[in-house]
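[1] Let's see this in three dimensions:
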Amino acid sequence: MAWLRQRGCPWGCNAYSAAAKAGCEAALEWLVEQGCPMEESGQPYIKACRNGDMATLRCLRRLGVVPWGPVGRVFVRVAMAVIDPVPLRQLRWLLQQGCPLDYKATEQWLAAPLGVQHQQWARETLRLLAEHRQQQQQP
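    Now for the predicted structure:
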C-alpha cells in the first residue's frame, strides 16, 4: 500500500472496509497512521462480523477506526446476514462496544418470518436485545 501511495495512487474511505474484509490488522494500522479518510458508514464492522473475525473487530475499536454510522445500521446489517447467521457473541460484542441500536426496527425485522433454520437464532437474538435493553435502563 505504501508503494502505491508513493506513486500517487488515490485512496478513499473504502480502504478500511477492504482491510477489515481481508482481516488485515497491519493494513488497518497503516491506514490510520497515514491519515486515510475514514468511512462513516460502519461498513468495516459489518465486513469483519460477516467474516466472524473478532480480532479485526477488536482492532477497529482499539484504533478508533470508523464511526458506527447511522443509528442501528451496523447491528441490523450484521443481523440481516441470515443466510449464514452471525454468532450471538459478535452481536453481543457490538452491543457491549456501544454500537447504536434502533430496538424497534431490529425487533420488527427479527419478528418477521424467517426460514425454519433461522428461527431459533432469531429468538436468541431477541432475548439478547431484551437483556441489553434491560441493562441500559438500570441506573
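
[2] Going by C-alpha atoms from here, please, whenever you check contacts or count neighbours.
    Noted.

[3] Where does the most centrally placed residue in the chain sit: helix, strand or coil?
    Per CA atoms, centre = their mean, the C-alpha nearest to the average position across the chain is that of Y45, at 2.7 Å. Under DSSP: H, G, I helix; E, B strand; the rest coil, the three-state class of Y45 is helix.

[4] which residues touch it?
    17, 20, 57, 60, 68, 74 (CA atoms under 8 Å, 6 or more residues apart in numbering).

[5] which residue packs closest to H132, ignoring adjacent ones?
    Among residues not flanking H132 along the chain, L95 sits closest, at 7.5 Å (CA to CA, 6 or more residues apart in numbering).

[6] Tell me if I'm right that the one you found and E131 touch.
    No. Contact criterion CA atoms under 8 Å: L95 and E131 do not qualify, at 10.6 Å.

[7] Show me which of those two is the more surrounded one.
    Using other CA atoms under 10 Å as the criterion, L95 and E131 rank with L95 on top: 17 against 11.
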